[in-house]
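In: Please find the sequence and the predicted model below.
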Amino acid sequence: MLIADLLPPPVAAWESFRDHPEFVPHPAEALSLRSSAPGRRRQFANGRYCAHRALQRLGTPAAPIPAGERGAPGWPPSVVGSITHCRGYTAAAVARRGEVLALGIDAEPHLPLDADVLEFVAGPEERTLVAELLARRPAVRWDRLLFSAKESVYKAWFPATGLFLGFLQARVRFDPSAGTFRADVPGAVRAGARPPGGTPLPTRLTGRWQVSDGVVVTAVAVQPTEAETTPAAAPAAPASPEGERE
């Protein structure tokens, strides 16, 4: 499995390369979907199909997974997880809360990222790094990979901490040979502003990536040994107007 190869043993995953029109979401899931567009409903159903299969693989009792704040999946209380989908690929990953503190996965088509989108999601240093990597290792679309890595970081960060994280608040660097990346998020941390119930996370998150079958996949899994004692806190204002990001 593409996504399972990037995740530590406590995580259970499921992926699919096709649609699942036979799958009918739980009524609580369907009611939480804000869009009536056929394409969005298809993506949503595919994601819930993979999510329920991943929960089965984890050995967790069946439960609805409605969309919550900013579109984040509403997992059972004992579970952390993440869902991703792009054209031709859907995946979900879950773990028991306590074994994994935060989990984020993302998949994107292995295609160039529009220049205006890159400027929106990447700082000057990151754009320079992407240009250098594209020149040295053109077989990988580093611009698209950067976008995916930041999506995985956000999907791990927001559900755990309850704090919005803008694209420019996470600074990403890749290790091309190791297939890893790190994301520094110091701009999102201020002592004392963490929402009640939020989980403090390290200000440096690490992840893994790979490219296969025309898909870029990235993953971030934060285990208890990686957590710092400094609580995460909210930025003064969102750095970008993202909507729902499963």
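Out: Perfect, thanks for sending it.

In: Got the phi and psi for residue 185?
Out: Main-chain torsions, residue 185, degrees, to the nearest 10: phi -130, psi 50.

In: so how far is residue 201 from the nearest residue to it once chain neighbours are set aside?
Out: With sequence-adjacent residues excluded and distances taken as CB to CB, 6 or more residues apart in numbering, residue 185 is closest to residue 170, at 5.0 Å. To be clear about C-beta, it is placed using only N, CA and C from the backbone, and glycine gets the same treatment. As defined by CB to CB, to the nearest Å, residue 170 lies at a distance of 12 Å from residue 201.

In: Identify the contacts common to these two.
Out: Contact criterion CB atoms under 8 Å, 6 or more residues apart in numbering; residues bridging residue 170 and residue 201 by contacting each: residue 157.

In: ok, then the element right after the least confident helix or strand in the chain by mean pLDDT?
Out: Across the helices and strands of the chain, the lowest-confidence element by mean pLDDT, DSSP states H and E is helix 27-32, at a mean of 93. Counting by DSSP states H and E, the next helix or strand C-terminal to helix 27-32 is helix 38-58.

In: what helices or strands is that next one leaning on?
Out: Where contact means 3 or more CB pairs under 8 Å, 6 or more residues apart in numbering; DSSP states H and E, helix 38-58 is packed against strand 12-16, strand 79-86, strand 89-96.

In: Make CSV from those and add distance to residue 156 and mean pLDDT to it.
Out: CSV is the format used below for those (distance: least, CB to CB, whole Å; pLDDT from 0 to 100):
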stretch, distance to residue 156, mean pLDDT
strand 12-16, 15, 98
strand 79-86, 7, 97
strand 89-96, 11, 98
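
In: any chance of those in a markdown table, with mean neighbour count too?
Out: Converted to a markdown table, those look like this (neighbours: other CB atoms under 10 Å):
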| stretch | mean neighbour count |
| --- | --- |
| strand 12-16 | 22 |
| strand 79-86 | 25 |
| strand 89-96 | 27 |
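
In: How much space separates the residue most central in space within the chain from residue 21?
Out: In the chain, the C-alpha closest to the average C-alpha coordinate belongs to residue 152, at a distance of 2.8 Å (CA atoms, centre = their mean). Plainly put, residue 152 is 28 Å away from residue 21 if you go by CB to CB.

In: picking that back up, let me know the pLDDT of the residue nearest to the centre of the chain.
Out: With respect to pLDDT, residue 152 has a value of 98.

In: What of residue 26?
Out: In this model, residue 26 is scored at 94, pLDDT.

In: Next up, the contacts around it.
Out: Residues near residue 26 by CB under 8 Å, 6+ apart: 48, 64, 65.

In: and if we set it to 7 Å?
Out: Residues in contact with residue 26 (CB atoms under 7 Å, 6 or more residues apart in numbering) are residue 64.

In: quick one: it from residue 87, how far?
Out: Counting by CB to CB - residue 26 and residue 87 are separated by 25 Å.

In: and if you look at residue 179?
Out: Counting by CB to CB - residue 179 and residue 87 are separated by 23 Å.

In: same question, residue 151
Out: The separation that residue 151 has from residue 87, given CB to CB, amounts to 15 Å.

In: Give me the more crowded residue out of the two.
Out: residue 151 (25 against 12; other CB atoms under 10 Å).

In: circling back to that earlier point, from residue 216, how far off is the residue nearest to the centre of the chain?
Out: Separation of residue 152 from residue 216 (CB to CB): 11 Å.

In: what do you get for residue 131?
Out: For residue 131, the distance to residue 216 (CB to CB) stands at 18 Å.

In: Comparing the two, which shows the higher neighbour count?
Out: Neighbours per residue (other CB under 10 Å) separate residue 131 from residue 216, with residue 216 holding more: 26 against 13.

In: what comes into contact with the helix or strand in which residue 218 is found?
Out: Per DSSP H and E: residue 218 is located in strand 215-222. For strand 215-222, contacts defined as CB under 7 Å, 6+ apart pick out 2-3, 6-8, 11, 86, 89, 100-110, 141, 144-145, 148-149, 152-153, 156, 201-202, 205, 207-210.
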